[in-house]
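> return a 3D structure for these sequence lines:
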Amino acid sequence: MQAKEPQDMEKRNLRLKEEIGRLQKKLKEGKEQLENEHGVLEEKHKRLQGRYDEIQCRRKDEEVQRISDKTDERFLQLETELTIIKDIILKQNTNNRMAEEKKDDEKLERKTFAGVLKDGQHSLIINPKNKK
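Numbers count the residues shown, from 1 in each chain. Purely as a prediction, here's the structure:
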């Protein structure tokens, strides 16, 4: 039995070495496959990251455009309100100027009708309110 045991041991060792060789070969192939898949996944990640960045940029551009449109709309609204206010002020200034001119005309009219006559006569005062 002892003689048979070393031969069995050698055969067993040989089978184990072959099995180890096959397993190492499978391990190497699996490692290469994982490295290849990793490279493919990295490329996909880069493409997806690029698309994501592009989408984010587009969203930001759309948001900026939306804000710009709202700003333009608000600016036009304020410009319209300013024009209305200017028109009101201009109309009020015109009305004030006309009221001042009317007062000045009334003062001038009073001065014209109230005064001293020539040749030392007594003054003749006419009240424009009682004038017929």
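> roughly how far does Gln56 sit from Gly50?
11 Å (C-beta to C-beta, to the nearest Å). (Glycine included, C-beta is placed from N, CA and C.)
> please apply the same query to Glu62.
Separation of Glu62 from Gly50 (C-beta to C-beta) stands at 19 Å.
> do Glu10 as well
Counting by C-beta to C-beta, the gap from Glu10 to Gly50 is 60 Å.
> again with Val64
Taking C-beta to C-beta, one finds Val64 at 21 Å from Gly50.
> do the same with Lys70
Look at Lys70 and Gly50: by C-beta to C-beta, they are 31 Å apart.
> over to Met9?
Taking C-beta to C-beta as the measure, Met9 falls 60 Å from Gly50.
> just Glu35 next, same as before
Glu35 is 23 Å from Gly50, where distance means C-beta to C-beta.
> again with Leu41
In terms of C-beta to C-beta, Leu41 sits 15 Å off from Gly50.
> for the host helix or strand of Glu32, packing partners?
Taking DSSP states H and E as the definition, one finds Glu32 inside helix 4-113. Here helix 4-113 touches no other helix or strand, going by 3 or more C-beta pairs under 8 Å, 6 or more residues apart in numbering; DSSP states H and E.
> what pLDDT, on average, does that helix get?
The average pLDDT within helix 4-113 is 93.
> distance between that helix and the chain's centre?
10 Å (C-alpha atoms, centre = their mean, to the nearest Å).
> and for stretch 39-53, what are the contacting residues?
Around stretch 39-53, nothing counts as a contact under C-beta atoms under 8 Å, 6 or more residues apart in numbering.
> show me which residues of it are buried.
Going by neighbour count (16 or more other C-beta atoms under 10 Å), nothing in stretch 39-53 comes out as buried.
> cool, and stretch 31-40?
Buried-residue list, stretch 31-40, by 16+ other C-beta under 10 Å: empty.
> can you start the count at 47 instead of 1 from here on
Let's use 47 as the start, then, which means that last one is stretch 77-86.
> export that stretch as PDB, just CAs?
The C-alpha trace of stretch 77-86 is given here as PDB (Å, rounded to 0.1, in the frame of the first residue of the first chain):
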ATOM      1  CA  LYS A  77     -10.000  39.300 -14.700                       C
ATOM      2  CA  GLU A  78      -9.500  40.300 -18.400                       C
ATOM      3  CA  GLN A  79     -13.200  40.200 -19.000                       C
ATOM      4  CA  LEU A  80     -13.900  42.400 -15.900                       C
ATOM      5  CA  GLU A  81     -11.200  44.800 -17.100                       C
ATOM      6  CA  ASN A  82     -12.800  45.000 -20.500                       C
ATOM      7  CA  GLU A  83     -16.300  45.400 -19.000                       C
ATOM      8  CA  HIS A  84     -14.900  48.100 -16.700                       C
ATOM      9  CA  GLY A  85     -13.500  50.000 -19.700                       C
ATOM     10  CA  VAL A  86     -16.800  49.700 -21.400                       C
END
